[in-house]
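[1] Next one to model:
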Amino acid sequence: MLRTLKMLLLCLVLLTLLFAAESWADEPTTPLISEFMAINGGKPPLALGELLDEDGDSSDWIEICNPTNEVFDLEGWYLTDDPDNLTRWEFPSVQVEPGGYMIVFASGKDRDDPDGGLHTNFKISSNPGFLALVEHDGRTIAHAYAYPQQFGDISYGLSSNAADLSSIPEGYFYDPTPGETNRGIVANLGPSIRDVTANPPQPTSGEDMVITAVVTETFKPVVGVYLVHRVNFDSSTGAEMFDDGLHNDGAAGDGLYGSVIDADDYGPGDMVRWKVIAYDVKSNVSQAPAFLLREGERQSPEYFGTVLVDPSIHTALPVFQYFVEDTGAAGTRAGTRASVFYGGEFYDNVFIRLRGGYTTHGRKFKFNDGHQFRFDPNLPRVDTINLNERGA
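    Numbering: from 1, shown residues only. The predicted model follows:
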C-alpha cells in the first residue's frame, strides 16, 4: 500500500514537472512588434485609437509588446525598415513592463531620450515593405514583418501576442489600439499582389496597354489571377493574367503575371482604369489596390489608371484632368467621387464637391491618405486642392 502510494506521488511529481516544462517552453522570451501604423491621420480632437506625438504631429507609430513575465530592458536593441541595415535605429535604456506596451514614433525625427518620446530615424512606407525588431547583437531578428500595402488610419499587426508567431495571423485593424490589446483583425488571407503597373507612360490611341503584377502565395498556392479594367465609366471587363512567359510576363513561373488591355477598347482622351484580383486554392481572394476604405470623404483607391493622349489639346501649360460619373453631385456640397490625372500621375476615387466661399462653380478635391496630390516635384504633396472660378 505504501509502495503504491509512493509510486502514485512520484508519477504526479513527474507529470507536474512535464507540464511545467511544456509551459516554460511555450513562454515567449522576447518582445515583439504587435502593431504599427504607416499612415496616421489623427487630428485633434482625437477619437478612440488615434495618437499624436509630443509635438502634436500625426507621426507613424510602432507598438512594442512585452509578452514575457518579466520587465524587459530594450537598451541596445534596434528597429529597422531595411533588411540590409539591421541596426538603423537603436533603443536607449527603456523598460517595458510584463504584458505591457511601448510606443515608438516612426517619424524620422531620431530621438532617443528615455524621458521623452522615442522617435526612429525613418518613417514607415505605406507601400509593401519590411519592419523588424532586432536584438542587441545587431544580427538576430527577434520579430519582423514583410508587410503588404498600408492604408490611412488602419493599423497592421498580430491578432494576439502568443509565443508561437508562426501560428498567429497578421492583418489589418480598422480600429487601431496603440498601447492596448489588438482586436478585430482583418487578415490578408488571399495571395500577395505587388508591383502592379501604375502610372505608365501616357499611352496613345491604337497602342495596347501591357499590365503586369507580381503575385505570390500568402498561405495557400495561387490558382487564378485576373485583370479587370474599365474605360471611363463603362462596365468592367475581365481577362486572365498569365505567368507562362508568353504574355509580357518575363520568364514562366517567376511570379510575374501579365495581360493586355486591347487598344480597340479605348480612344483619345479616354480614362482607363484597372485592378488585379487573385485567388488561392482555398478561394481566398485579394485585390490590388486593396480598396479597404469605402466610406467617408477620404477612402482608398479602387483602381490604378491613366488617361490617353488627346491630340486635340494643344498647350504648353500643365493639363489638369478629372473624371466624374455623377457630374450633378460634383456641383453640390455633399459631393461625389472622381478620378484625377495630372503630371503623369493618376489618383482614383478622390472626393470632389462644390467649392465654398465667394466662388460659384469652383471645386474642392480631397485626396486619399497615402495618395496625396503632387502639384510640383519640388514641393511637398498636399491632401486638398481647390479649383476656383470667379464669383458673380
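
[2] now the stretch 151-300 of the chain, which segments are flagged as low pLDDT?
    Residues of the stretch 151-300 of the chain meeting the criterion pLDDT under 70: 160-167, 187-189.

[3] Would you map the strands across it?
    Secondary structure of the stretch 151-300 of the chain (DSSP state E, counting those that start in this stretch): strands at 155-158, 170-173, 185-187, 192-194, 209-216, 222-231, 237-240, 256-261, 271-280, 285-288.

[4] Single out the most deeply packed of those.
    Stretch with highest mean neighbour count among those: strand 155-158 (a mean of 25; mean count of other C-beta atoms under 10 Å). To be clear about C-beta, it is placed using only N, CA and C from the backbone, and glycine gets the same treatment.

[5] Find the nearest non-adjacent residue to residue 207, please.
    The shortest distance from residue 207 to any non-neighbouring residue, by C-beta to C-beta, 6 or more residues apart in numbering, is to residue 263 (5.6 Å).

[6] Can you tell me the number of residues neighbouring that neighbour?
    15 (other C-beta atoms under 10 Å).

[7] For the helix or strand containing residue 63, which helices and strands make contact with it?
    Residue 63 is part of strand 60-65, with elements assigned from DSSP states H and E. Strand 60-65 sits against strand 32-37, strand 101-106, with contacts defined as 3 or more C-beta pairs under 8 Å, 6 or more residues apart in numbering; DSSP states H and E.

[8] how close does the residue nearest the centre of the chain sit to residue 300?
    Compute the mean C-alpha point of the chain, and by C-alpha atoms, centre = their mean the closest residue is residue 150, 0.9 Å away. Note on residue 150: its distance to residue 300, by C-beta to C-beta, to the nearest Å, is 11 Å.

[9] got it, and residue 276?
    Separation of residue 276 from residue 300 (C-beta to C-beta): 15 Å.

[10] swap in residue 228?
    To residue 300, residue 228 is 16 Å away according to C-beta to C-beta.

[11] Ok, residue 366 next?
    Separation of residue 366 from residue 300 (C-beta to C-beta): 13 Å.

[12] Comparing those two, which residue is more hemmed in?
    More neighbours surround residue 300 than the other of residue 366 and residue 300, with 20 against 17 (other C-beta under 10 Å).

[13] Identify the residue spatially nearest to residue 260, adjacent ones excluded.
    residue 208 (5.0 Å).
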